[in-house]
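K.L.:
A structural model of the following input is requested.
(one chain, ligands or ions: 1)
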Amino acid sequence: MRDRGADVRCILTGNATNFVTPLAVQTLAGNKVFENTFSLTDEHEIGHITLARDCDLVVVAPATANLLAKMAHGLADDLASTALLVTDKPILVAPAMNFRMWGHAATSANMALLKSRGVHAVGPNSGMLAEGESGLGRMAEPAEILAAIETLLAAGPLKGVKALVTSGPTYEPIDPVRFIGNRSSGKQGHAIATALARLGADVTLISGPVKLADPANMRVIHVETAREMLGAALGCLPMDVAVCAAAVADWTVSNASKEKRKKDASGQAPLIELAANPDILATLSEKGSARPRLVVGFAAETEKVLEHARAKHQRKGCDWIVANDVSPQSGTFGGDFNSIHLITASGVEDWPRITKADVAERLAWKIADVLKGSP
Ligand code: CTP
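P.N.:
Coordinates of the predicted model:
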């Protein structure tokens, strides 16, 4: 990694020092090695845990069954596990263990949990293991780990990928001054567009009327109505991935007036006639050869979240549905946090309650894994 220009800092666990000396690792890394022999309560030493935030990537090699279990359950009883709990950077693990440990239901469940949280893995491979037995559990070769690191750190794993994101509400005019709208802030959709652009995607954001500034490094198309949003989306095709995060109005006013509606002398309230709007997500999902390779929809539900979201997954024909609970007690609507269930063809992932920015980051990495192949 140093040959490739990386600045490498190593944390050695207690067990690691049984295999390699800190001095050898320090010489190879060209930087001070951090060991577990310090006090986490010492103010001078506590700064060491920020190690895991001042970097671009955290690599765990070898990742033992024990360390994976600690990561999965949030244990922090030494410097390495504490740093892993503190970091806000991508994590790559290279599992290495006895094949029975790798095959154990506990390790499988821990790996599934870690992957659902966005942790990347390389290996393990099949081959001769430390105990003299052969099987699946051998750490990936250093060259494979290096390739995985370079993929994750490359100019962006989504470089060359064209991404379309819809965000915000739509406004359906009643007359030139009045409209039917909704309270969507656009925070989640804009955060997803930003996260995709950060990973190198060529992003087009189609935004309904929101109070947010246009994010940097992307094309932003401003629209007002659902029809305009659909027209803009179709005009952008072909795309590799489409994320429909907009809260599109289901209905448009079919008797919208070109002039401002005036109060009737009789005092009678006007009748507003509604007609169904086109479904942008469903349209993109069935667009034949121009269909994006991955179409992601959202489901905002206030009750029976999974049941309704699964039905939406089927009905709209998209690949993934990001289901979120927007019941008043959840605080999701307009707030900064979100509780997500990701529905894919292979099942449901329950994500912990995290910020909308973290949801965006994790979703973007998941999209990168699928479109570019997981490292
Ligand atoms: N959507 C869309 N075009 C529409 C309506 C919805 O693209 N005309 C997309 C949204 O962007 C979201 C998903 O469909 O990704 C789910 O939208 P939602 O409003 O939750 O579902 P509805 O289809 O409106 O169903 P219901 O009102 O029954 O919940």
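
K.L.:
tell me the pLDDT at residue 232?
P.N.:
Each residue has a pLDDT score; the one for residue 232 is 98.

K.L.:
Next, count neighbours for it.
P.N.:
Counted by other C-beta atoms under 10 Å, the residues lying close to residue 232 total 18. To be clear about C-beta, it is placed using only N, CA and C from the backbone, and glycine gets the same treatment.

K.L.:
Would the host helix or strand of it count as contacting the ligand?
P.N.:
Using DSSP states H and E, residue 232 sits in helix 226-236. Yes. Judged by C-beta under 6 Å from any ligand atom, helix 226-236 comes into contact with the ligand at residue 226.

K.L.:
how about the CA coordinates for whatever helix or strand comes next after that helix, as PDB?
P.N.:
Using DSSP H and E, the next helix or strand after helix 226-236 towards the C-terminus is strand 241-244. In PDB, the C-alpha atoms belonging to strand 241-244 read as follows (Å, rounded to 0.1, in the frame of the first residue of the first chain):
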ATOM      1  CA  VAL A 241     -29.700   3.700 -12.000                       C
ATOM      2  CA  ALA A 242     -32.800   5.600 -11.100                       C
ATOM      3  CA  VAL A 243     -33.700   6.500  -7.500                       C
ATOM      4  CA  CYS A 244     -37.200   7.800  -7.100                       C
END
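
K.L.:
Count the residues that sit near the closest residue to residue 332 other than its chain neighbours.
P.N.:
Leaving aside its sequence neighbours, residue 332 sits nearest to residue 326 (C-beta to C-beta, 6 or more residues apart in numbering; 4.8 Å). Counted with other C-beta under 10 Å, the neighbours of residue 326 add up to 21.

K.L.:
gap between residue 326 and the ligand?
P.N.:
Counting by C-beta to the nearest ligand atom, to the nearest Å, the gap from residue 326 to the ligand is 9 Å.

K.L.:
what's the answer for residue 290, then?
P.N.:
In terms of C-beta to the nearest ligand atom, residue 290 sits 16 Å off from the ligand.

K.L.:
residue contacts, the residue lying closest to that residue once chain neighbours are set aside?
P.N.:
With sequence-adjacent residues excluded and distances taken as C-beta to C-beta, 6+ apart, residue 290 is closest to residue 237, at 4.6 Å. By C-beta atoms under 8 Å, 6 or more residues apart in numbering, the residues touching residue 237 are 287, 290, 292.

K.L.:
right, and the second one touches residue 240 too?
P.N.:
No. Residue 290 is beyond contact range of residue 240, at 11.5 Å (criterion: C-beta atoms under 8 Å).

K.L.:
Show the residue spans covered by the helices in the stretch 101-250 of the chain.
P.N.:
105-116, 142-153, 187-198, 226-236 (DSSP state H, counting those that start in this stretch).

K.L.:
Give me the average confidence score over stretch 351-366.
P.N.:
For stretch 351-366, the per-residue pLDDT averages 88.

K.L.:
swap in stretch 270-286?
P.N.:
On average, stretch 270-286 scores 96.

K.L.:
now stretch 179-198
P.N.:
Averaged over stretch 179-198, pLDDT sits at 92.

K.L.:
Can you give the distance of that stretch from its chain's centre?
P.N.:
14 Å (C-alpha atoms, centre = their mean, to the nearest Å).

K.L.:
Distance to residue 246 added to the helices of the stretch 101-250 of the chain, as TSV?
P.N.:
Below are the helices of the stretch 101-250 of the chain laid out as TSV (distance: least, C-beta to C-beta, whole Å):
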stretch	distance to residue 246
helix 105-116	25
helix 142-153	30
helix 187-198	6
helix 226-236	6
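
K.L.:
Smallest gap between the stretch 1-150 of the chain and the ligand, at which residue?
P.N.:
When scored by C-beta to the nearest ligand atom, the stretch 1-150 of the chain has residue 116 as its residue closest to the ligand, at 20.7 Å.

K.L.:
what's the neighbour count on that residue?
P.N.:
Quick note: residue 116 (other C-beta under 10 Å) scores 16 neighbours.

K.L.:
Which residue, neighbours along the chain excluded, lies closest to it?
P.N.:
With sequence-adjacent residues excluded and distances taken as C-beta to C-beta, 6+ apart, residue 116 is closest to residue 349, at 4.4 Å.

K.L.:
In the helix holding residue 232, which residues are buried?
P.N.:
226, 228, 229, 230, 231, 232, 233, 236 (16 or more other C-beta atoms under 10 Å).

K.L.:
Who are the packing partners of it?
P.N.:
strand 162-167, strand 202-207, helix 280-285 (3 or more C-beta pairs under 8 Å, 6 or more residues apart in numbering; DSSP states H and E).

K.L.:
Try it again at 6 Å.
P.N.:
Packing partners of helix 226-236 (3 or more C-beta pairs under 6 Å, 6 or more residues apart in numbering; DSSP states H and E): strand 202-207, helix 280-285.

K.L.:
Next, the angle strand 162-167 makes with the helix or strand following the last one.
P.N.:
In other words, helix 280-285. With elements assigned by DSSP H and E, the helix or strand that comes after helix 280-285 is strand 294-301. Here strand 294-301 points in a direction 10 degrees away from that of strand 162-167 (axes from the mean of the first three to the mean of the last three C-alpha atoms, to 10 degrees).
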